[in-house]
Structures are given as C-alpha cells and as structure tokens.
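Participant: Structure for the following, please:
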Amino acid sequence: QVQLVESGGGLVQAGDSLRLSCAASGRTFSSYNMGWFRQAPEKERQFVAGINSIGRITRYADSVKGRFTISRDNAKNTVYLQMNSLKPEDTAVYYCAADPKNINVYASRNEYDYWGQGTQVTVSS
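Facilitator: Model (predicted):
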C-alpha cells in the first residue's frame, strides 16, 4: 500500500506556472505507474497526465498537451506536474494516483488504486 500527499497548489493568474508535487510513502513507489487527475466543481474527475514506473512513457489529456509535463523522481518517491500557460479552465482540485499493476499508463480513474487528498489550483483571468 502507498500513501500519497499532494502539494504545490495555489491561486495564480492566467499565463502563470505552477508545479505540483506528490510525495509517496512506502518502498514500492518505483514499481507503480502514476497519474494526475483533476476535478472541477460539479464535474467528474478527469485524467490529466500519467507516467510509467520508470518515467519513460507519458500520456496527456489533449487539453493539457504542450502545457503540462509529468515527471517523477523515484529516489525521492515523488511525482511532479509542471503546469505552464495556465488557463482559468484549469481551475480544479488536482489529485495524484497510483496504479500498482504497472501494465500500461491508463487514463481511466478506475485503474488507479491509491489516491491523495488533492490540492486546489485556481487560475484567475
């Protein structure tokens, strides 16, 4: 089992950047595929980005391609989401999630077993 704690959210203006971090407990982090999801008020939680266990394969939602970058540092048990050129529509609670199956980088939230508590990102226009 792994516990996930997100940080780095905040209030920024459109066009600004933020870097989210997700710190994981446990010695098995390096064997998990990781994902970032977000949920805006009254909307379903949606996939943002994912990365495989060794950081070689990444996947992005179309809405963030070219603006967001997911990365990980297995030595620090941490996964990151660098968010550039932020837009008001990026406003949401951002969650990191872990998939222990290590088969594919999935976009479906149903494939992820462990979730953090979320961090709020608010982008003003």
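Participant: Tell me how many other residues crowd the residue lying closest to Leu4 once chain neighbours are set aside.
Facilitator: Nearest residue to Leu4, sequence neighbours excluded (CB to CB, 6 or more residues apart in numbering): Gly116, at 3.6 Å. (C-beta placed from N, C-alpha, C; glycine too.) Per other CB atoms under 10 Å, the neighbour tally for Gly116 reads 21.
Participant: Any idea what the residue positioned nearest the centre of the chain is bridged to?
Facilitator: By CA atoms, centre = their mean, the chain has its centre lying nearest to Trp36, at 2.2 Å. Judged by DSSP bridges, the bridge partners of Trp36 are Ala49, Cys96.
Participant: give the contact list for it.
Facilitator: Contact analysis of Trp36 by CB atoms under 8 Å, 6 or more residues apart in numbering lists 20, 22, 47-50, 70, 79, 81, 94-97.
Participant: let's see it at 7 Å
Facilitator: Val48, Ala49, Ile70, Leu81, Tyr94, Cys96 (CB atoms under 7 Å, 6 or more residues apart in numbering).
Participant: so where do the helices sit in this structure?
Facilitator: For the chain, no helices are identified by DSSP state H.
Participant: burial count for Ile51?
Facilitator: Other residues close to Ile51 by other CB under 10 Å number 24.
Participant: One more: Thr122?
Facilitator: 14.
Participant: Please name the nearest non-neighbouring residue to it.
Facilitator: Leu11 (4.6 Å).
Participant: and the one you found, how many neighbours?
Facilitator: Neighbour tally, Leu11, other CB under 10 Å: 12.
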